[in-house]
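Peer 1: What shape does this take:
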Amino acid sequence: MAIFPKFISDIEPLIASFCDFKSLINLSGVSKTAYKLLSNDGFFKTLFKGQHPQLDSYDKQFTELCSYHPTNCYKVMCQVMNPTHWEIPLFLAPPSEYLAPVHLGIKWTSAFLNDALPLMISKLKTRQRELEARNKELCGSHYQDPSSLIDIAWRKYEKCKEEYDVLMAEYSQAYEEKDAILSQLSEPLKSVMERILNNDFFVRDRVQSLLTIPAEDFIKMSGEERIGMKIEHLEEYRKIARFFYEFNEMKVCIRNKSQQLYALKDAYDKLERERRTNDSEVAYAEFASNRNPNELLAAHPYILFNERRAAYHLERALRELPHLERVIESIQKLIDHPEEKTDEALNPLRQLINALTFEDKTHIWGLLYYQHANGVVEDAWSENHFQDFLPDLKTILEAAASRYRHIISWSNLSKS
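Peer 2: Sure thing, here's the model as predicted:
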């Protein structure tokens with residue numbers, strides 16, 4: 001198409017359809033016409049989405065690749081996500097030009113990786129400016145700047161701590177004086193006081209009732225309800241009740257203030273941790289933007305590989321989970337209706353399991369064999385005897401389905 005630009009446009013996609021990924025990539029570099037036609041954001045993006053429709057709503061799966069290789073990202077994605085090309089190096093070059101270790105079938109050339117360097121440095125500097133601006137909000141323009149978030153948080157904590165200390169001092173004093181005060185208040189009530197206190201009358205909800213109950217209502221109460229309290233001593237009882245009420249309220253205030261103090265300290269600590277983390281990132285950004293490119297790029301190929309692996313497992317989960325669920329449903333029907341375990345029902349079930357990926361079916365049949373074959377040497381033992389162990393087979397399949405659901409659930413956290 002690029003060599004014979006006068007060919008009608010209908011022939012161009014036809015020629016492209018006969019090319020494999022490597023040929024398409026090479027062809028896109030033949031001329032400007034070919035590069036424009038086989039563009040990364042046009043042709044290869046459409047090609048990738050057509051071949052991997054399950055990933056269409058999961059664009060965040062290749063964040064690093066798309067961020068640092070915007071002119072080649074879909075070309076790379078098409079190649080690395082094609083199972084028949086997993087062992088073919090990307091952008092082939094002599095071994096001396098490989099910047100990263102060759103591992104798990106991926107070889108990244110120094111030219112490809114170095115394309116990311118300017119964007120990495122730019123991103124680092126942008127991030128550095130963002131962190132420095134955030135630290136200015138946290139710390140202000142000078143040490144202990146009263147307008148800074150950290151100083152405001154610390155002063156709130158210190159004020160609350162002072163209030164808490166005052167409450168604790170008041171409570172300690174009240175606790176020390178408690179017995180003496182009670183003894184004084186209960187002097188005229190010695191005959192019934194022990195019985196009243198043993199009933200826990202003054203430390204429960206009825207304390208507040210005793211403070212507010214009208215005298216006439218108190219008179220109407222039965223002797224059992226008054227637990228021996230005499231009507232003529234109502235005012236003395238009120239004094240004791242008030243003492244207990246205030247004492248208990250003091251404990252409630254201390255508990256509330258303690259919770260407030262903890263929350264304020266936690267808020268301050270979070271701001272301090274953020275500041276320290278920002279300082280570390282700023283220091284790294286300053287250093288990394290001027291460091292040796294090979295060191296800066298050292299982790300890049302591994303991140304790219306992990307992105308490819310995550311996308312591969314996500315696609316596999318999205319594709320295989322519905323299939324697994326159909327198999328599980330079919331097995332459950334046979335478990336519920338064992339009389340239907342005929343060859344007509346078992347053969348399609350066997351075919352469904354064998355239609356799973358090679359890794360899945362090997363894992364499923366293998367687990368069933370190790371659980372029940374007792375070392376019997378027989379070709380396709382699990383496939384021939386699975387009908388005798390349907391509950392266990394269902395458990396194995398459900399475990400595989402659960403793993404796929406976990407992969408999908410985790411990927412949904414970064415779904416675009």
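Peer 1: From the contact counts, what lies against the helix or strand in which Leu321 is found?
Peer 2: Using DSSP states H and E, the element containing Leu321 is helix 300-336. When contacts are defined as 3 or more C-beta pairs under 8 Å, 6 or more residues apart in numbering; DSSP states H and E, helix 300-336 packs onto helix 63-68, helix 343-354, helix 390-412. Bear in mind the C-beta positions are built from the backbone N, C-alpha and C, glycine included.
Peer 1: And the average pLDDT for it is what?
Peer 2: Averaged over helix 300-336, pLDDT sits at 87.
Peer 1: buried set for that helix?
Peer 2: Burial within helix 300-336, assessed by neighbour count using 16 or more other C-beta atoms under 10 Å, is assigned to 300-301, 304-305, 307-308, 310-318, 320-321, 323-324, 327-328, 330-331, 334.
Peer 1: and if you look at stretch 394-407?
Peer 2: 394, 396-397, 400-401, 404, 407.
Peer 1: Likewise for stretch 136-153?
Peer 2: Neighbour counts over stretch 136-153 (16+ other C-beta under 10 Å) mark 138-140, 148-153 as buried.
Peer 1: tell me, how many neighbours does Glu132 end up with?
Peer 2: Residues within reach of Glu132, counting by other C-beta atoms under 10 Å, total 14.
Peer 1: Contacts for the helix or strand encompassing it next, please.
Peer 2: Element membership for Glu132, per DSSP H and E: helix 117-139. Helix 117-139 is contacted by residues 67-68, 70, 145, 148-150, 271, 274-275, 278-279, 281-282, 285-286, 288-289, 293, 296-297, 300 when judged by C-beta atoms under 8 Å, 6 or more residues apart in numbering.
Peer 1: which ones are touching Glu170?
Peer 2: Contacts of Glu170 were listed using C-beta under 8 Å, 6+ apart, and they are Met250.
Peer 1: is it fair to say it lies in a helix?
Peer 2: Yes: assigned with DSSP: H, G, I helix; E, B strand; the rest coil, Glu170 falls within a helix.
Peer 1: What separation is there between it and Glu64?
Peer 2: Distance of Glu170 to Glu64, given as C-beta to C-beta, to the nearest Å: 59 Å.
Peer 1: between the helix or strand containing Glu158 and helix 117-139, how big is the angle?
Peer 2: Counting by DSSP H and E, the element that carries Glu158 is helix 149-185. Counting by axes from the mean of the first three to the mean of the last three C-alpha atoms, to 10 degrees, helix 149-185 lies at 40 degrees to helix 117-139.
Peer 1: how about the nearest residue to Tyr35, chain neighbours excluded?
Peer 2: Leaving aside its chain neighbours, Tyr35 sits nearest to Ser28 (5.4 Å; criterion: C-beta to C-beta, 6 or more residues apart in numbering).
Peer 1: Need the phi and psi values for that neighbour.
Peer 2: phi -70, psi -20 (degrees, to the nearest 10).
Peer 1: Could you do the one 10 residues further on as well?
Peer 2: With angles defined as degrees, to the nearest 10, Leu38 sits at phi -100, psi 60.
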